[in-house]
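>>> The following block contains a protein sequence and its predicted model.
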Amino acid sequence: MVVADDHNKKYMTKEELSKHNKPEDLWISIQGKVYDVTDWSKHHPGGDIPLLNLAGQDVTDAFIAYHPGTAWKYLDKLFTGFYLQDYQVSEVSRDYRRLATEFSKLGLFEKKGHVAACSLTTVGLMFMVVVYGVVKCDSVWAHMGSAALLGLLWILAAYVGHDSGHYNVMVNPKFNKLAQLLSGNCLTGISIAWWKWTHNAHHIACNSLDYDPDLQHLPVLAVSSRLFNSITSVFYSRKLEFDAFARFMVSYQHFTFYPVMCVARVNLFVQTFLLLFSRRRVPDRALNIIGILIFWTWFPLLISTLPSWTERVAFVLVSFTVCALQHIQFCLNHFAANVYLGPPSGNDWFQKQTSGSIDISCSSWFDWIFGGLQFQLEHHLFPRLPRAQLRKVSPLVQDYCKKHNLPYRSLTWWEANVWTIRTLKTAALQARGLTDYASQNLLWEAVNTVG
């Protein structure tokens, strides 16, 4: 520790700060002031994962991205009295903070439009049509149409849950929490608590193979050959085993990707139950469990009214397949982008977001089906920005990336699918080559025999 007599301030170096990176000793720096967030991490609304991932670093850019101006006043009680001795602001960070300030002055973070109200109303009407189509209609086509509509309903409801997890979409926090539970737990069967837990980690550690849970899909999928080393997931606190079964699955992942997406909801259901009934501290656990029980009451009852098991299975598959469009979109936004190993770094946080995100270019007519997340980079840079503003700020973000020679990738839906399948195929071929897998596998030989 160093004391500067001229200002009577206590200073510490980055190296000294980096030693405070454990759950029981967790310090961070914001604009050069050092804060002890050890106890606060247990009560942090965004969970402890973001703080643990950035522990012992300057986190100014991440703090600005995820917190409104009203959050600054809560920092004073966490101040250690130390300042960062070698605190410097890069040109990239300086411009990013300037851009965030301009958006704030323009009131863009508060201009949410009527997206939430319209979405919830639409979802409510769609739900009534689904129930009517299943219960009151005898036609199998009406039943399958209702299943497709239910899948679309799940997509729109998930976007409401996503928005309400990043900022208040309702008039106050209590109604916002209600919107989360209704759109997430009750309607889709996926816990908002699980979503917050994984999604905040994904945002902070975007495309880190060992810190970002959204890239940890072994034994089914692997976006990089670096996952073949059975790395340890820091998020799940377990090794991601790349065994013989994983090698087999990954070897054909460019063929199985779309079928897997059609049943991806099953995994989300399982992950929800694993979290809610785990020993991990879960905010609003009881409310989340009640919401899940509501889903698992109405959904099976609705299916049970169908006349045969054939229609029941078909109904589930059709609804899951339609909703798979959303699961595919999330993969397109990141699977083909750059990946890295290790924790996120506070001093290149902005660069990591641009490196790990891909936009989907489309007409404004399709904004409703993408939920604003086609502007993935804009969302990652300004996660509190309402989706109604993302298209407006996109040109500014493009100019910013061009100025600092940072990647800005905007692909059509088709191009994004091609890039993703190419990434998966590259990893698949590398997996086959680990033990001369291709020559030993009859299926592989049969596929290649016919081209």
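Structure received. All values derive from a computational prediction rather than experimental measurement. Numbering: from 1, shown residues only.

>>> For Gly133, give me its contacts.
The contact partners of Gly133, by C-beta atoms under 8 Å, 6 or more residues apart in numbering, come to Ala142, His143, Gly145, Ser146, Leu149. All C-beta atoms are positioned from the backbone trio N, CA, C, and that covers glycine.

>>> filter those to the buried ones?
His143, Gly145, Ser146, Leu149 (16 or more other C-beta atoms under 10 Å).

>>> Pull the number of nearby residues for the closest residue to Val266 other than its chain neighbours.
Among residues not flanking Val266 along the chain, Phe320 sits closest, at 8.0 Å (C-beta to C-beta, 6 or more residues apart in numbering). The tally of other residues near Phe320 (other C-beta atoms under 10 Å) stands at 20.

>>> next one: the one 5 residues further on
Using other C-beta under 10 Å, the number of residues around Leu325 comes to 16.

>>> what do you get for the one 3 residues further on?
By the criterion of other C-beta under 10 Å, Ile328 has 20 neighbours.

>>> where along the stretch 151-300 of the chain do the strands fall?
Using DSSP state E, counting those that start in this stretch, the strands found in the stretch 151-300 of the chain span residues 232-233, 238-239.

>>> can you list contacts of the last one?
Put plainly, it is strand 238-239. With C-beta under 8 Å, 6+ apart as the test, strand 238-239 has contacts from Ser230, Ile231, Thr232, Ser233.

>>> can you list the weak-confidence ranges in the stretch 351-451 of the chain?
Along the stretch 351-451 of the chain, the parts satisfying pLDDT under 70 run over 434-451.

>>> for the stretch 201-350 of the chain, same thing?
Applying pLDDT under 70 to the stretch 201-350 of the chain flags the ranges 346-347.

>>> Cross the contacts of Gly133 against helices and list the overlap.
Here DSSP state H is the test, and the contacts of Gly133 give Ala142, His143, Gly145, Ser146, Leu149 as lying in helices.

>>> Save the residues you listed as CSV, and put in distance to Asn417 and pLDDT too.
Below are the ones in helices among the contacts of Gly133 laid out as CSV (distance: C-beta to C-beta, whole Å; pLDDT from 0 to 100):
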residue, distance to Asn417, pLDDT
Ala142, 31, 96
His143, 30, 97
Gly145, 26, 97
Ser146, 28, 97
Leu149, 24, 97
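
>>> Any chance of CSV for the residues you listed, columns distance to Val418?
Below are the ones in helices among the contacts of Gly133 laid out as CSV (distance: C-beta to C-beta, whole Å):
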residue, distance to Val418
Ala142, 36
His143, 35
Gly145, 31
Ser146, 33
Leu149, 29
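
>>> circling back: closest one of the buried ones among the contacts of Gly133 to Trp296?
Ser146 (18.9 Å; C-beta to C-beta).

>>> ok so, going back, give me the element the residue nearest to Val266 is part of.
According to DSSP states H and E, Phe320 maps onto helix 309-332.

>>> ditto for Val131
Residue-wise, Val131 maps onto helix 115-135 under DSSP H and E.

>>> buried stuff in that helix?
Val115, Ala116, Ser119, Leu120, Thr122, Val123, Met126, Phe127, Val130, Gly133, Val134.

>>> For stretch 269-279, report the contacting residues that lie outside it.
Gly189, Ile190, Ser191, Ala193, Trp194, Trp197, Thr198, Val282, Arg285, Asn288, Ile289, Ile292.

>>> what's the neighbour count on the fifth one?
So the one you mean is Trp194. 22.

>>> distance of it from Gly133?
Distance of Trp194 to Gly133, given as C-beta to C-beta, to the nearest Å: 30 Å.
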